[in-house]
Every structure is written in C-alpha cells, then in structure tokens.
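Participant: A predicted structure for the sequence below; I have some questions about it.
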Amino acid sequence: MSEAVIHDDHNDHHDHKPTGIGRWLFSTNHKDIGTMYLVFALIMFFIGGAMAMVIRAELFQPGLQFVDPQFFNSMTTVHALVMIFGAVMPAGVGLANWMIPMMIGAPDMAMPRMNNMSFWILPFAFTLLLSTFFMQGGAPAGGWTMYPPLVLQLGDGFPFLIFAVHFLGISSIMGAINIIATVFNMRAPGMTFMRLPLFVWTWIITAFLLIAAMPVLAGAVTMLLTDKFFGTAFFDAAGGGDPVLFQHVFWFFGHPEVYILVLPSFGIISQIIPTFARKPLFGYASMVYATASIAFLSFFVWAHHMFTVGMPLAGELFFMYATMAIAVPTGVKVFNWTATMWKGSMTFETPMLFSIGVLFMFTLGGFSGLMMGITPVDFQYHDTYFIVAHFHYVLVPGIVFGIVGGVYYWLPKWTGHMYDETLGKWHFWTSTISVNILFFPMHFIGLAGMPRRIPDYSTQFTDWNMIISIGGFAFGLSQLILVWVVIKCIRGGEKATDEVWEGAHGLEFTLSSPPPFHSFTTPPEVTDATAHS
Amino acid sequence: MAQKTAVSAKKLFAFAACMFGFGYALVPIYDVLCDVTGLNGKTGEVSQVEAEARHVDMDRLVTVEFDTNVNPALPWKFEAEEFKMKVHPGAIAEAVFIVENTSNKPVVGQAIPSVMPALASLYFDKTECFCFTTQLLEPGERKEMIVRYVIGSELPQDISTMTLSYTFFKSPDSNDVATTVIKTDRTISTQG
C-alpha cells in the first residue's frame, strides 16, 4: 500500500525512532507493535490469572466462602474470554509481528498502519468487556460460549459483550490479513514457500483460519444482538428459531479457533527443537502438510463439542470419525518433533525445556481429547472437570508453554542481552510441577462426576480440589518469575551474539541483537543451503 | 509491491465478508438439514388427501404420549385431554388439547412441537396442527385445539412408544395484538 512506501521514505535514517508516548501510539514499526502485543498479552494473562485465583480460592473448600455464585460464574466466563482473546491470541500475533518480517527477510509488515490499528482496537475491546463488572446485571456469567437463551438474560453488560467480541474479531481479522499479505508479497529473493521457517507456515495457516472463522462468530453474536434488541428470532423458539442452532454456528467458529490458538505454538517449538537438537527439522514437508490438514479438518468436527445436544446417529458417527482423523496429522507432527531430537546433540536451555514440556503435555491433553471424541463415552465426560482438565492441558502446557518458550528463545535477539538461565530453569520447573498438580487431578474428579462451572461441590471432591487449588496458586506465583526474567533481561545482562544460540538457523539470526529498527532494508538472498529446511 | 499488497488485502477482506455472510447462510441450511434428518424432533406436514391414501398397518399398535409445557412468560394453562393413545401406523389419529388464557389481557402464543425419539420424528406427519400458526386467546378464553396426525408405517420396528411434546411460548407478536392483524405466515415456513 502507498502509505508503506511513504513511511519508508520518511524514516530513511536507520534506527531513527520516534520518541515518547507517540512512538507507541502512532507506531507503524513491526517490532514496537509486536512488543505492545506481547506486553498487552502478559497483562491480560495476569488479569485472567487473577480471576482463576478467585475461582480456585472459592473451590478450595465445599460450600460458599468468598464470592456469590453469580460472580463465580462471571469469573469462569470472563477468565476464558480474557485468556483466549486477550492473552493467547495477542501473544501469538505479537510473536508473528516481531518475527515474521525478520524470518522472511522483509523490512516490515505489508500494511504498517493497519497493523497499528489492529493492536489499538484491543485495549478498547477489553475496556468494554471488563467494564461490565461495574454494570447493572454484572459481567457475562453464562459461559464464554455465550449460549442463548441464558446469555440473553445478561443485564446492561450484554451489548458490551457483543461489541467487545466484534472488536476482537475485527482486530484479529486485520492482523491475519496483514500477515498473509506480508508473507505472500514481501519474501526475500529465493525464499520460496517450501523454504519458509515453520513458524511462518503455521502462522499463514492460522491467519487463514482466522479469516474464515472469526466472521462466523461475528455473525453469530450479531444474531444474538438482534434477537435481544430488534425482534428477530434466530435462536428464540417462540418465533420459530432454535437455540441449538447457535451451538452449531458457534462451534463452527469454535473448533477452528482452538487451532488458531495452538498452531503458532506448534510453529514455535518447530523452530526451537531443531536449534537445541542441532539437527534440521525432521520431515519439513510433512509438517507443512500436516498443519494444513489439521486446519482443513477443523471445519468438519465442530459438533463433537455438542454430542449430548441430540443428533442423529449418522451425525454422531460422522463427527466422531472426523475428530479421530485429526489425530493422524497431529500424530505426524509429534513423531516429527521426536525424530528431530533423535540422535541430536541436545542441550537443555530454557526454550528447549519448555518445548519438550509442550511435546509431553500437549500430547497428554491430546489423548484426553481423543477419549472425548468417542461419542458414547463423551456422554460421561461432557461438562465435567474432565473436559476442564483436557482443554487446560492443551491450552496451558500446550500453548502457553510454547509461547513462553518462544519468548525465551527470541528474548536475547529482541533485547540484545542473554536472559538469566538459572531463573529461566526455575520458571520452567516450578511451572511444570505446579501445572500438573493443578490440572492432572481434574481428570479424576471429572471422571467421578464433578460438574464444571459450579461454585460448590459434593464433599467427596474436597481433597482433590484442595490439591488443585494449591497447584493453581503455585502456578500463578511461578509466572512472576517470567516477569522478573524479562525485566532483568531488558535492563542488561551478558551481551547476546547475532546467532544467539549455537545451533540457531534462519534469517532472524543473521541480524544484529537487538536488530535494526527496520529489519531488512536490502533483501537477503536465500539459497537451499541457508534455508535449513 | 504496494500494488500487490493492496490486491491481496482486497481479496482477503472480501473473503472475510463472504464468511460473515456464510454465518447467516447457516440458518437456512440448518433448517433444511433438520427437515431431512429429523434433527431436534422437527415433524413433517402432509395433506389430508395424502394421509388418507396411506396403507394402514392393522397388525401393529404404537403408543403416542403427549407432553405439554408452557413457557413462564406466557400466562396460559395448557393440557392434553388424554395423556396417551394407541394408534395403528398409517391411520389418521386425532388428539385434543385444552388451552386457557389465565390473564386479563389478550395474548398471542405459539406452540413448538418436538418428537422423541428424534428418529421417530421422520415418520411423524401432521395434517392439521395448532402449532402451524400463532394462537390468539382473549382474556380468560378457553379453547380446544386439535392435532390430526399420521405415523408412517415404515416406522422402525424397535420403536413402540413415541412422545409428542409441545411448548407454548409467548409470541413476539403479542405486543402488537391491539393494533395490527396478527401475522401468521412468518412462523409457518419454519414449522413444517
């Protein structure tokens, strides 16, 4: 776009940065915007985490201790919305902003001003969402899935919830379009598609998922809005609508959404594992095809979230087999990562530890997912703590660990300083131990029948709930180490080399640490030898 | 390059807009799928002539149970005259329901049917039903309403009992009762 060109002319002195608050408010620089995304995600991670702490405090004992049930339900609902749309997705987009231009040999993102806009929508969207806590009727409490008719009973906060979701959708669609336009049009000479680093590949596919799925969510919540205020009856049985229709439309978005969350994490560990195994990624092409197949299949499995809602047998079977089919490309990826480590000269720096953590614990979460994909047994697991255990295993040690691993991996590149390795290892081990204390026992109480989204429970679940809560508090505290490491690393430390890691490959490691304000002003030449794929 | 970026962006924005439309297209697609598969117990509608022409299976009796519910927003009483009846597949049967407006205002209601087991709904056809249209009851009015239905003789052998459930909802048209003619055509198409 023309503004990109104008902007480049404007800043033709290298490293000429705007200063003060204007540098951030009006930023069109992919690194500054990436940093803002990551900082925003970290803040949201702690806000959402604080809500989880309220949930775990209330569930420490049976009975009602600290909060009333309505507020408890708001906590579970808003915790999910904040973590998904405020922490994980912006963290992924932040890493994409920082790394993709450097990885493909481009000076910046293709549409820098749109990039600024897609970030700055986020604080407004979350102001809308979080302001509902101070409104008549309180914050959304009907679950993050916003099922009608329950969600329509929300008070004054309802339109704020809907418009927050609209804004989040617009933000992520613009971010996705920018990423695709950048990768399609701004690759360095010789950087063919099959030479792209896997993180870039997973992000292209994620971006397409975003563009295909987020508008469907926007449509679904718009229908909710018109049902409530404009007399339509999409989900209102009295007017000939059907509330179950919402579940179908929502999960048509919702299942691709889980791959929107996880694919960037897959991309990150596909960069990290080869570095610390000192071997090229095993099965690069199969990795690309597996990722694309996962994304494609994700549009045909949505109803496995709603097996119990009532479906013809043929429907239950179709969605069961389609769900099982996703395990095949996912298995390909897990085997490829394992094979990459096979006979490698491995070292275990913090990014590698987090990646191995992802490999182990994401796979564990994947297995419980397979269990729930089997229709008849899902009837037992549905809406119990078993599903809570499953999606937290894939989301926390599967995705958050991947993102944190990526932060450790690229932090020296961003700041020019090595982070404190001892603290990093402490962060990994405290997180890993506490995350398992937190989420593993949820499998047991779920199988024993404890329902999710309930502030009180039967007394036989007390012991495990206490252990879970202790794990939760420990996990929350462990994350403060990350903040400490990042601040310490920004302020100083051992000088990082350009390559940062002994086994690191890729264009981002040919730039200085920290890299120049505009990444590649003259495009590098990429050959088969340098592509490392 | 700027030109290429603009082209990509336009295409991608157009794709996003199409997907927004697709979200809305899922609504009619869903209705069609429900009709075809019997999902959510949506029942079929046939003409009287067509129903009379069907073969009656005199060797078989199927129990049909009736379940009646009223949404709390609707100040009505609603009951089936008989809670269950036995019918031969292929024979036209009639069930009577009694509904009463217990409030002091005219109210429009709409009954939504559902058949369990869902598989049976594929073989459950009505020739006449109060659920095809909205119903207006004056204050205190009591009314008998009729459902005329026929069960297809291809009904799988393992189904010997089915439940026809109705929930009466307050129609969104209720508020317009005083001033306008009640629109009934809006709901018919989705009730088939």
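Facilitator: Looks like it arrived, so ask away. Numbers count the residues shown, from 1 in each chain, chains lettered A, B, ... in the order given.

Participant: could you pull out the helices in chain B for me?
Facilitator: B:2-37, B:48-52, B:185-191 (DSSP state H).

Participant: nearest to chain A, of the ones you listed?
Facilitator: Closest of the helices of chain B to chain A is helix B:2-37, at 2.6 Å (criterion: C-beta to the nearest C-beta). Backbone N, C-alpha and C define where each C-beta goes, glycine included.

Participant: pull the distance from the closest one to the chain's centre.
Facilitator: 29 Å (C-alpha atoms, centre = their mean, to the nearest Å).

Participant: buried set for that helix?
Facilitator: Neighbour-count burial for helix B:2-37, with 16 or more other C-beta atoms under 10 Å in any protein chain shown as criterion, is recorded at B:5-6, B:8-9, B:12, B:15-16, B:19-20, B:22-24, B:26-27, B:30-31, B:33-34, B:37.

Participant: also stretch A:143-158?
Facilitator: Neighbour-count burial for stretch A:143-158, counted by 16+ other C-beta under 10 Å, picks out A:G143, A:W144, A:T145, A:M146, A:Y147, A:P148, A:V151, A:L152, A:L154, A:G157, A:F158.

Participant: which residues sit against that stretch?
Facilitator: A:73, A:76-78, A:80-81, A:84, A:132, A:135-142, A:161, A:165, A:221, A:224, A:227-228, A:235-236, A:243, A:246-247, A:250, A:254, A:453 (C-beta atoms under 8 Å, 6 or more residues apart in numbering or on different chains).

Participant: how about a cut-off of 6 Å?
Facilitator: By C-beta atoms under 6 Å, 6 or more residues apart in numbering or on different chains, the surrounding residues in contact with stretch A:143-158 are A:77, A:80-81, A:132, A:135-137, A:139-140, A:142, A:228, A:235, A:243, A:246, A:250.

Participant: farthest-separated two in those?
Facilitator: A:Q136 and A:F250 (26.0 Å; C-beta to C-beta).

Participant: in terms of neighbours, single out the busier of the two.
Facilitator: Set A:Q136 next to A:F250 and count neighbours by other C-beta atoms under 10 Å in any protein chain shown: A:F250 wins out with 24 against 8.

Participant: so which bits of chain B are right by chain A?
Facilitator: B:1-2, B:4-6, B:8-9, B:12, B:15-16, B:19-20, B:23-24, B:26, B:30, B:37, B:40, B:110, B:112, B:118, B:169, B:171-172, B:187, B:190 (C-beta under 6 Å from any C-beta of the partner chain).

Participant: what strand or helix carries the closest residue to chain B within chain A?
Facilitator: Proximity of chain A to chain B (C-beta to the nearest C-beta) peaks at A:G219, 2.6 Å away. Take DSSP states H and E as the rule and A:G219 turns out to sit in helix A:198-229.

Participant: next, the angle from that helix to helix B:2-37.
Facilitator: For helix A:198-229 against helix B:2-37, the angle between stretch directions is 60 degrees (axes from the mean of the first three to the mean of the last three C-alpha atoms, to 10 degrees).

Participant: A:I121 is in contact with A:S171, isn't it?
Facilitator: Yes. Between A:I121 and A:S171 there is a contact under C-beta atoms under 6 Å: 4.1 Å.

Participant: residue contacts, A:I100?
Facilitator: Counted by C-beta under 6 Å, 6+ apart, A:I100 has contacts A:V200.

Participant: so is the helix or strand that the helix holding A:G219 is followed by next to chain B?
Facilitator: Next along the chain after helix A:198-229, taking DSSP H and E as the criterion, comes helix A:243-277. Yes. Using C-beta under 6 Å from any C-beta, helix A:243-277 reaches chain B at A:V244, A:L245, A:V249.
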